[in-house]
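Colleague: Give me coordinates for this.
(chains A and B)
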Amino acid sequence: MKASLLTRRRAPGRLDWTDIVSYAYLALGVVMMFGPVLWLALSSFKTPAALIEFPPSFLPAAQRVVTVEGYAQPLELYRVRQPDGSVKEMAQIRRVGLQAQMVDPAAPAAAPVRVPIEAREPLREIAFAWSNYTEPLKAFSFGRFFANSLFVTVVATLITLLINSMAAYALSIYEFRGKTAALTMVIGTLMIPITIILAPVYLVVSAIGLNNSLWAVILPGAATPTGVFLLRQYMLTLPRDLIEAARMDHASEWRIYARIVMPLAAPALAVLAIFSIMWRWNEFLWPLAVLTRSEVYTLQIGLNAFQGELQTQWHYLLAMTVMTLLPVALVFVFLQRFITTGIANTGMK
Amino acid sequence: MSSTQAPTQAAPKPAREGLGGRVVAAALGLFDAPMAWLQRALGLGAMPYAFLAPNVLFFGVFVFLPIAINLVYAVTGGVNIYPSQRPFVGADHFRALGDCASFLDPATCREDHFWRGVRNTLVFTFFQMIAMVGSALVTALVLNRRIVARGFFRAVFFFPVLLSPVVVALIWKWILQRDGLLNAALVAAGGEKILFLVEPTWAMAWAIFVSVWAHMGFYTLILLAGLQAIPADIYEAAEMDGTPPTRVFWRLTLPLLWPNLVVVLVLVLIRGVQTFDEVFVLTGGGPGTATLMVVQYIYETAFANPVQNFGLAGAASILLGALLFALTMLQLALARGKSKEARA
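Modeller: You can find the predicted model right below:
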């Protein structure tokens, strides 16, 4: 029985130890995979003071404060052990060394009492620091980065879908001279990541005059070999007689592509669209190289720049990270099945 | 394709209905007239070329032309970005990259960062491959069992794949920092704080871990698809024969999964060699050069250093490209072997 964990075999209806090990592994997986993201999300709602606490608290919490008559600033509330052993809520006026000057909020007129600091314990409440989210929108160009990323993702995906589907159509429907060469070229480009042609693509982009424009991010990656492949494989399975019948009716080749093949290829187009959105939203190295002015930063580049500048301002950085991840999380929740089957079928991402 | 068609029709139903479909149809309709004119002017035989043209143009301008320029960069010197204004230097850049008193010690090399990058990338790729394939295999095996809520658990492991490298790195940077969650757990367990991203060995270990965390789900999916393609009756037959489960795993599951496993192995290798994003944001290549990868060296040599040395970066990327080419050829050969096996 030792390795039955490794096979799919199991008596139905009985829970043996291999099942327990499996579920323990899966539970660990949930903690390992979701835990860090949950921790990020919880932390992003903490105040700067709460963020530098050690050990950190689990939930975002802040010390309760109270306004006491006769004091201009709101005072921090503590639970104070009295000399007689009872416990009382008191507000701290100031701390002097190991003593704290405290006042009873119920009786503000009474003289402040001195309390040793180890006799008091802060009163805390769950508090979400929404300002972590609202302030970066005003103080930094976070909205601009978001809009840039959205523009790049949408436009690049549309261009990719159009030119890749055209090429796939040509490579699946027609027989023509140079078809093998064209197919070889597609396979060839599959092996060339932008990583190894960074500098020369930069030259080409500058020569066209696209430096520091979002088009410099959009155009170089628009003709994806992956997309051509994916769509071609799908179009090869479409019934040919539909196309022949349309030709008989004197439909132009473009109309056949646009009105017959494209609607039929919708499932493959959807998979490519999802891939393209993922690639573009998350793209890092090329935008990092080509975008040097902050007005054209995408979210990823903006976030990376912030983490360099804002090392001490984790509260903003965490909130912005959550906002960057949120669209992806939403897409995932709604299209999870689509994405996973698409990847399982193509072996690509 | 009218709606009066019998529902039994085998042809796939076009997804033309709906607003999105109509918008797409209208947008594509804009090209109706010009493309029809093109077809009349050039004839049907020219149409495939017309359809290929935009994609080929993009490939040409943004892939093939840059490859040619890269070759020029690699054999010319100076700081000018225009190839025509760069003096020819022959193999100088390659000689500079290879100028080492001892290849085992990067400190003795002229381009010591390149060799540190090579060494780090090798270490990273090697350990990452073991961890990645191992954890993806275990996860796929567990997910392939008859478990409740399989879809949910599959999604759990896959979820980080969609996160951007910057987000992944920042999530872990926050956990690994000096006063972070992990150190809090260590202190609570009676240990001492560890500066995970400041000590070289820890930094490399965490770079590997974070990369596995982020990408394991993708490979799990491929292996799971492979496991599910194994016909169930083989297992039933083995069960009838009373074959012990250990033997079933080693003699049935593993050999049948082997082609997928090899593909995953090579994919991890190819991606590992190109590692940059997560590690760069997580550690910046540091402490010192402890997690500096080859791609980061190329990026910094060409863009981030005060003097942009496109020649040296070009030479280094040609070496990297040659390695990737060899690995991809290996993958294609293995994939071909796999499909041949499937046909046999």
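Colleague: hey, let's count contacts and neighbours off CA atoms from now on
Modeller: Fine.
Colleague: show me where pLDDT drops low in the chain?
Modeller: This is for chain A. Along chain A, the model assigns pLDDT under 70 to residues A:1-14, A:310-312, A:342, A:344-349.
Colleague: Correction: the question concerned chain B.
Modeller: In chain B, residues with pLDDT under 70: B:1-18, B:335, B:337-344.
Colleague: Would you check that residue A:69 makes contact with residue A:108?
Modeller: Yes - using Cα atoms under 8 Å, residue A:69 is in contact with residue A:108, at 6.2 Å.
Colleague: what sits against residue A:208?
Modeller: Residue A:208 makes no contacts at all, as judged by Cα atoms under 8 Å, 6 or more residues apart in numbering or on different chains.
Colleague: redo that, cut-off 10 Å
Modeller: Residues near residue A:208 by Cα atoms under 10 Å, 6 or more residues apart in numbering or on different chains: A:202, A:216.
Colleague: That one and residue A:201, how far apart?
Modeller: 11 Å (Cα to Cα, to the nearest Å).
Colleague: domains for chain B, by residue range?
Modeller: Segmentation of chain B into domains, based on automatic domain parsing, reads B:26-64, B:114-343.
Colleague: So which of these is the most surrounded?
Modeller: Highest mean neighbour count among the domains of chain B (mean count of other Cα atoms under 10 Å in any protein chain shown): domain B:114-343, with a mean of 19.
Colleague: Mind telling me what element the nearest residue to residue B:289 once chain neighbours are set aside is part of?
Modeller: Spatial nearest neighbour of residue B:289, excluding adjacent residues (Cα to Cα, 6 or more residues apart in numbering or on different chains): residue B:116 at 7.0 Å. Secondary structure assigned from DSSP states H and E places residue B:116 in helix B:112-143.
Colleague: so what secondary structure elements neighbour that helix?
Modeller: Counting contacts by 3 or more Cα pairs under 10 Å, 6 or more residues apart in numbering or on different chains; DSSP states H and E, helix B:112-143 packs against helix A:17-43, helix B:92-97, helix B:150-158, helix B:200-228, helix B:254-273, helix B:294-299, helix B:310-343.
Colleague: now the last one against helix B:254-273, angle please.
Modeller: Between the direction of helix B:310-343 and that of helix B:254-273, the angle (axes from the mean of the first three to the mean of the last three Cα atoms, to 10 degrees) works out to 170 degrees.
Colleague: And for the first one?
Modeller: An angle of 20 degrees separates the directions of helix A:17-43 and helix B:254-273 when computed by the same axes, to 10 degrees.
Colleague: Show me which residues of the helix or strand immediately after helix A:17-43 in the chain are buried.
Modeller: The first helix or strand that comes after helix A:17-43 along the chain, using DSSP H and E, is helix A:48-51. For helix A:48-51, burial by neighbour count (16 or more other Cα atoms under 10 Å in any protein chain shown) applies to A:48, A:50, A:51.
Colleague: Check chain A for its longest strand and report it.
Modeller: For chain A, the longest strand by residue count, based on DSSP state E, is strand A:87-96.
Colleague: Next up, the contacts around the residue lying closest to residue B:51 once chain neighbours are set aside.
Modeller: Excluding the flanking residues, the one nearest residue B:51 by Cα to Cα, 6+ apart is residue A:166, at 5.1 Å. Residue A:166 is in contact with A:160, A:172, A:228, A:231-232, A:254, A:257-258, A:262, B:48, B:50-55, counting by Cα under 10 Å, 6+ apart.
Colleague: How about residue B:297?
Modeller: B:111, B:113-118, B:276, B:285, B:303-305, B:313, B:316-317.
Colleague: For chain B, which residue occupies the most central location?
Modeller: The C-alpha lying nearest the average C-alpha coordinate of chain B belongs to residue B:271 (Cα atoms, centre = their mean; 3.6 Å).
Colleague: Go ahead and confirm that one touches residue B:125.
Modeller: Yes - with contact defined as Cα atoms under 10 Å, residue B:271 reaches residue B:125; the gap is 8.6 Å.
Colleague: rewinding a little: could you check how far the residue nearest to residue B:289 is from residue B:294?
Modeller: Taken as Cα to Cα, the span from residue B:116 to residue B:294 is 8 Å.
Colleague: between these two, what contacts are shared?
Modeller: Residues touching both residue B:116 and residue B:294 (Cα under 10 Å, 6+ apart) are residue B:122.
Colleague: and residue A:293, how many neighbours?
Modeller: Burial of residue A:293 is recorded as 10 neighbouring residues (other Cα atoms under 10 Å in any protein chain shown).
Colleague: Quick one: classify the closest residue in space to it that isn't next to it in sequence as helix, strand or coil.
Modeller: In space, and not counting its chain neighbours, residue A:293 is closest to residue A:212: 6.5 Å by Cα to Cα, 6+ apart. Here residue A:212 is coil, with the state taken from DSSP: H, G, I helix; E, B strand; the rest coil.
Colleague: so what's residue A:212 up against?
Modeller: Contacts of residue A:212 by Cα under 10 Å, 6+ apart are A:205, A:206, A:287, A:289, A:290, A:291, A:292, A:293, A:294, A:295, A:296, A:297.
Colleague: Can you say which of the residues you listed are buried?
Modeller: A:205, A:287, A:289, A:290, A:291, A:296, A:297.
Colleague: which of those residues lies closest to chain B?
Modeller: Set against chain B, the nearest of the buried ones among the contacts of residue A:212 by Cα to the nearest Cα is residue A:289 (6.6 Å).
Colleague: check contacts around that closest one.
Modeller: Residue A:289 neighbours (Cα under 10 Å, 6+ apart): A:198, A:199, A:202, A:212, A:217, A:301, B:299, B:300, B:302, B:303, B:304.
Colleague: Neighbours of the first one, how many?
Modeller: Look at residue A:198: counted by other Cα under 10 Å, it has 25 neighbours.
Colleague: ok, now the third one?
Modeller: Residues within reach of residue A:202, counting by other Cα under 10 Å, total 23.
Colleague: quick one, phi psi at it?
Modeller: In terms of degrees, to the nearest 10, the main-chain angles of residue A:202 are phi -60, psi -40.
Colleague: what residues are up against it?
Modeller: By Cα under 10 Å, 6+ apart, the contact set of residue A:202 is A:208, A:210-211, A:216, A:220, A:286, A:289-290, B:62, B:66, B:81, B:302-303.
Colleague: Out of the residues you listed, which is nearest to residue B:21?
Modeller: residue A:220 (27.2 Å; Cα to Cα).
Colleague: For the closest one, which non-adjacent residue is closest in space?
Modeller: Closest to residue A:220 by Cα to Cα, 6+ apart is residue B:62, at 5.3 Å.
Colleague: So the one you found versus residue A:107, what's the distance?
Modeller: The gap separating residue B:62 from residue A:107 is 76 Å, by Cα to Cα.
Colleague: go on, residue A:223?
Modeller: Distance from residue A:223 to residue A:107, by Cα to Cα: 74 Å.
Colleague: between those two, who's got more neighbours?
Modeller: Shown here are residue A:223 and residue A:107; by other Cα under 10 Å, residue A:223 has more neighbours (28 against 12).
Colleague: What is the three-state secondary structure of that one?
Modeller: Once three-state DSSP is applied, residue A:223 turns out coil.
Colleague: any idea how far residue B:142 is from it?
Modeller: Distance from residue A:223 to residue B:142, by Cα to Cα: 38 Å.
Colleague: Shouldn't residue A:292 be within a helix?
Modeller: No - checked against three-state DSSP, residue A:292 lies outside a helix; its state is coil.
Colleague: residues touching it, list them.
Modeller: A:211, A:212, A:213, A:301.
Colleague: okay, now the domains of chain A?
Modeller: What automatic domain parsing lists as the domains of chain A is A:30-60, A:65-122, A:133-346.
Colleague: Please tell me how far the longest one is from the chain's geometric centre.
Modeller: Relative to the centre of its chain, domain A:133-346 is centred 16 Å away, using Cα atoms, centre = their mean, to the nearest Å.
Colleague: Fine by me, thanks again.
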